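# Sharing a model prediction with you, sequence too.
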Amino acid sequence: MIAFANLPDLAVRTLGGSVVAASDESFAAKENLVNPWAPAFRPETFGAKGQEYDGWETARRRPDADGALGHDWAVVRLGLPGVIRGVVVDTAWFKGNFPPYASVEACAVDGHPSPAELVDAEWTEIVPRSTLKGDAAHSFDVGLERRSTHVRLNVFPDGGVARLRVHGEVVPDPRLLTGLTVDLAALENGGRVVECSDMFYSAPDNMLFPGQARNQAEGWETARRRGPGNDWAIIRLAAPGVVRLVEVDTGHLKFNAPAAVSLTGADTRSIALGAAAWHEVLPRTRVQPDGRHRFRVSGERVVTHVRLDIHPDGGLARLRLLGDLAPDGERLLTSRWDDLAP
Ligand SMILES: NC(=O)NC(NC(N)=O)C(=O)[O-]
């Protein structure tokens, strides 16, 4: 697997991404580009506009009076702005109607720009015009050391693309975090799972998504553990901080919820994670299936990482670690934001 594929998809709808404009969407809606599920297809489902596709599909272009063909484009607002490390242009199921070439650009615009304002933004090419195949996922590494808020997918001259995945590292806006009590584990604040024991059914980063899980697949689920020990995941927090309230949500895990959970914390500001000592944040605590549990914790020590142990296996829908950033955590977020400015 390519390295960037483990990073969150900053464009996916379940992380707040949306497709704000497109040159054309005659055959199939631009919004499908950021659907969270794998592209689906049912043959011979002809609607009023043609065959139905789970993707974005434009009309066949014809030369204008000057003989120019032009090209199609779609603009995606990233749900989580950040540094883009890789892009996947997936033409799944588009076999006779995929675009032969595509390129991708990115920009960073503060606030909430309208599609018209984005036209005048400063766009930087992050994937040069590249050849595409039909019914295939194309992965492109991106080397732009700056944060981005939007991407523009260009297809030449026209055709269908099932998904645009934009993997990267979240760079949260410190103005929305400093001085507040925030979820130090949330993906949207820059938290991430860096190690885990098992991700057989679904990835542990799922626990850190916004909102509630709508089903079991939207949380973290491990395989049935047949040997000794228990499953676990280590979360690198958004920045060093003090955890004050823990929320453990076993929603939708009914016959596969853990019997108990425990949390420990480590401070790696002056020591490597492998050598750090772990101290108790939440002692081993019984949990019930399919429900939200909240625990006030003593919150005395600054931590950079929290280890979640689930006993013995199962998974969680969500894990929230509400707390306050340490002063150097606030400084870290602010300098990262400034260093990665467009
Ligand atoms: N059979 C098709 O898929 N045709 C075409 N597309 C749709 N959606 O019908 C086309 O012309 O690109």
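Cool, the structure landed.

# so Asn154 makes contact with Trp123?
No: in this structure Asn154 lies outside contact range of Trp123 using C-beta atoms under 8 Å: 10.0 Å. Where you see a C-beta, it was placed from the backbone N, CA and C, and this is true even at glycine.

# Check this structure for its longest helix and report it.
Assignment by DSSP state H gives helix 327-339 as the longest helix of the chain.

# which strands and helices sit next to that helix?
On a contact count with 3 or more C-beta pairs under 8 Å, 6 or more residues apart in numbering; DSSP states H and E, helix 327-339 meets strand 231-249.

# Tell me who's in contact with the residue of the stretch 1-150 of the chain found nearest the ligand.
Nearest to the ligand in the stretch 1-150 of the chain, going by C-beta to the nearest ligand atom, is Gly50, at a distance of 2.7 Å. Shown in contact with Gly50 (C-beta atoms under 8 Å, 6 or more residues apart in numbering): Phe27.

# before we move on, what about Arg286?
Neighbours of Arg286 in contact, by C-beta under 8 Å, 6+ apart: 259-260.

# Would you mind measuring from it to Ala259?
7 Å (C-beta to C-beta, to the nearest Å).

# Not including adjacent chain positions, what is the nearest residue to Ala40?
Once flanking residues are discounted, Ala40 sits nearest to Asp54: 4.8 Å by C-beta to C-beta, 6 or more residues apart in numbering.

# If you tally nearby residues, what's the number for that neighbour?
Other residues lying near Asp54 total 20 when counted by other C-beta atoms under 10 Å.

# and it, that's in a strand?
No: Asp54 sits outside any strand when classified using DSSP: H, G, I helix; E, B strand; the rest coil, being coil.

# Can you check the pLDDT for it?
The per-residue pLDDT reported for Asp54 equals 98.

# how close does it sit to Val306?
Asp54 sits 37 Å away from Val306, going by C-beta to C-beta.

# Am I right that Ala203 is in contact with Thr222?
No: with contact defined as C-beta under 8 Å, Ala203 does not count as touching Thr222 (10.8 Å).

# which ones are touching Thr268?
Contacts for Thr268 were tallied using C-beta under 8 Å, 6+ apart; they are 276, 304-305.

# Relative to the ligand, which of those is nearest.
Scanning the contacts of Thr268 for proximity to the ligand, where the rule is C-beta to the nearest ligand atom, the winner is His305, at 48.1 Å.

# give me the number of residues near the closest one?
His305 has 20 neighbours, counted by other C-beta under 10 Å.

# ok so it is a strand residue?
Yes: using three-state DSSP, the assignment for His305 is a strand.

# which of Ala203 and Thr222 has more neighbours?
Set Ala203 next to Thr222 and count neighbours by other C-beta under 10 Å: Thr222 wins out with 24 against 16.

# Quick one, grab the pLDDT at the more buried one.
Looking at Thr222, its pLDDT is 98.

# Okay, the closest residue to it other than its chain neighbours and Ala233: tell me how far apart.
With sequence-adjacent residues excluded and distances taken as C-beta to C-beta, 6+ apart, Thr222 is closest to Asp198, at 4.0 Å. Separation of Asp198 from Ala233 (C-beta to C-beta): 9 Å.

# Can you list the residue ranges for helices in the stretch 51-200 of the chain?
For the stretch 51-200 of the chain, the helices defined by DSSP state H, counting those that start in this stretch cover 115-119.

# Near the ligand, which residues of it are found?
51, 53, 57, 60, 97 (C-beta under 6 Å from any ligand atom).

# again, 5 Å this time
Taking C-beta under 5 Å from any ligand atom, the part of the stretch 51-200 of the chain that reaches the ligand is made up of 51, 97.

# Could you list the low-pLDDT ranges of the protein?
1-2 (pLDDT under 70).

# and it, what are its domains?
3-170, 174-329 (automatic domain parsing).

# Endpoints of the last one, how far apart?
The one in question is domain 174-329. 10 Å (C-alpha to C-alpha, to the nearest Å).

# Ramachandran coordinates for the closest residue in space to Leu187 that isn't next to it in sequence?
With sequence-adjacent residues excluded and distances taken as C-beta to C-beta, 6+ apart, Leu187 is closest to Leu208, at 4.4 Å. When read as degrees, to the nearest 10, the backbone of Leu208 gives phi -100, psi 10.

# Contact partners for Leu208?
So Leu208 contacts 185-187, 191-193, 235, 318-319 (C-beta under 8 Å, 6+ apart).

# ok, now Asp267?
Taking C-beta under 8 Å, 6+ apart, we find Asp267 in contact with 240, 276, 301-304.

# For the stretch 201-342 of the chain, which residues are neighbours of the ligand?
Residues of the stretch 201-342 of the chain found near the ligand (C-beta under 5 Å from any ligand atom): none.

# Right, I'll call it a day here.
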